[in-house]
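Undergrad: Quick one, fold the following:
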Amino acid sequence: MKTRPVIPREAAHRDVDEAVEHYLAEGSEQAAFGFIDALEQTYGHIGRHPATGSPRYAHELDLPGLRVWPLKRYPYLVFYVEREDHIDVWRVLHGQRDVPAWMHVES
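TA: As a prediction, this is how the structure comes out:
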């Protein structure tokens, strides 16, 4: 099995930056570093096993191929599409957000 590169879109980068800024603003550098570590683990997992993500939102949002995988120990979800040569990460969103609304904002 070949690991595919995981390539986040600009919106996903912004989502990650906002999450890290939130944890730092709360005074928890440890949580910010833990978030990044959990995100890297998730990227590694979906790069190796892209089909394991849930297609739930693909049906709900009418976005064929969209999958989601949760971060461990953090309330964030990684939304991605498996491509032939890479994993296309669309968003990294807090699970309590209005996901359908956020997915249509500069996906």
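Undergrad: Show me where the chain has its helices.
TA: Here the chain has its helices, by DSSP state H, at 10-25, 29-48, 56-61, 99-103.
Undergrad: Just tell me which of those ends up closest to residue 84.
TA: Of all the helices of the chain, helix 29-48 sits nearest to residue 84, with 13.7 Å by C-beta to C-beta. Bear in mind the C-beta positions are built from the backbone N, C-alpha and C, glycine included.
Undergrad: The closest one - contacts with which helices or strands?
TA: Using 3 or more C-beta pairs under 8 Å, 6 or more residues apart in numbering; DSSP states H and E, the elements in contact with helix 29-48 are strand 6-8, helix 10-25, strand 66-70, strand 76-82, strand 87-94.
Undergrad: Any buried residues in the longest one, and which?
TA: By neighbour count on 16 or more other C-beta atoms under 10 Å, the buried set for helix 10-25 is 11-12, 15-16, 19-20, 23.
Undergrad: before we move on, back to that, tabulate the helices of the chain (a markdown table), appending mean pLDDT and distance to residue 91.
TA: Formatted as a markdown table, the helices of the chain follow (pLDDT from 0 to 100; distance: least, C-beta to C-beta, whole Å):
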| stretch | mean pLDDT | distance to residue 91 |
| --- | --- | --- |
| helix 10-25 | 97 | 6 |
| helix 29-48 | 98 | 12 |
| helix 56-61 | 87 | 10 |
| helix 99-103 | 68 | 6 |
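Undergrad: can you tell me which of these comes nearest to residue 73?
TA: helix 29-48 (5.9 Å).
Undergrad: Before I go, just wanted to say thanks for your time.
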